[in-house]
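Participant: have a look; sequence and predicted model below, questions after that.
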Amino acid sequence: MSASLPIFPLNTVLFPGGLLPLRVFEARYMDMVRAAMRDGSDFGVCLIRKGSEVGDRALEIEEIGCRARIDHWNMEQLGVLEIATTGTERFHIASTRVQNDGLMVAEVEALEAEPAATLPVEATDCLLLLKRIVERLDTARAADTEDQPMQLAIAEPYRFDDATWVGNRLCELLPIAPGAKQKLMALTDGPTRLEIVQRYLKQNGIV
């Protein structure tokens, strides 16, 4: 069953369970975010295949994206809305249209959620790497005297025993090209994604 979903095209890839802070200032996206906050609804994040994030009405986007739920917002600077979002579920775009205000709206079909998968022993090095990253993030957060929920990089609860969750978090953090992250996000098997990530880490001497 398809549903209409406003799309926020970006040069980044959002994974289910991932955190994504955004600075919104274009009128079409300000209106989109206000409507989402008013209605308690989501919007879609899709990687730009061709075009620019700002002002481009003729851009091309990837067909698989991720819904974003707004968790926090503020407007410390007039005309700039800062929001913290969390990725929820992936979707496939069946068709798109552009409204008069330039906002892209898509007819989307939800993709089946990936089930939790037991972390294999062979991926222990990936797990240890992610735990070190989380420990550093937690330490930095504890040292910050201000309440800055939008600065968190990994959302709790931490599911270190779940291969799908571990793989998604490492994909978000790795310095790889957006196109490669898109292909990883589009995979339908969490353990396979983690295996590819582990291969990348070993090839680059990270683990």
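Facilitator: Thanks, I have it. Numbering: from 1, shown residues only.

Participant: any regions of the chain where pLDDT drops low?
Facilitator: Where the chain drops to pLDDT under 70, the residues are 57-58, 143-152.

Participant: quick one, longest strand in it?
Facilitator: If you go by DSSP state E, the chain has its longest strand at strand 80-98.

Participant: report the buried residues of the helix or strand following that strand.
Facilitator: Next in sequence after strand 80-98, counting helices and strands by DSSP states H and E, comes strand 104-110. Under the neighbour-count criterion of 16 or more other CB atoms under 10 Å, strand 104-110 has 104, 105, 106, 108 buried. For the C-beta atoms, the positions are set from N, CA and C on the backbone; glycine is no exception.

Participant: same thing with stretch 108-128?
Facilitator: For stretch 108-128, by 16+ other CB under 10 Å, it's 108, 111, 114, 117, 119, 123, 126, 127.

Participant: including secondary structure and distance to residue 46, could those go into JSON lines?
Facilitator: Converted to JSON lines, those look like this (DSSP: H, G, I helix; E, B strand; the rest coil; distance: CB to CB, whole Å):
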{"residue": "108", "secondary structure": "strand", "distance to residue 46": "10"}
{"residue": "111", "secondary structure": "coil", "distance to residue 46": "13"}
{"residue": "114", "secondary structure": "coil", "distance to residue 46": "19"}
{"residue": "117", "secondary structure": "coil", "distance to residue 46": "26"}
{"residue": "119", "secondary structure": "coil", "distance to residue 46": "29"}
{"residue": "123", "secondary structure": "helix", "distance to residue 46": "29"}
{"residue": "126", "secondary structure": "helix", "distance to residue 46": "27"}
{"residue": "127", "secondary structure": "helix", "distance to residue 46": "30"}
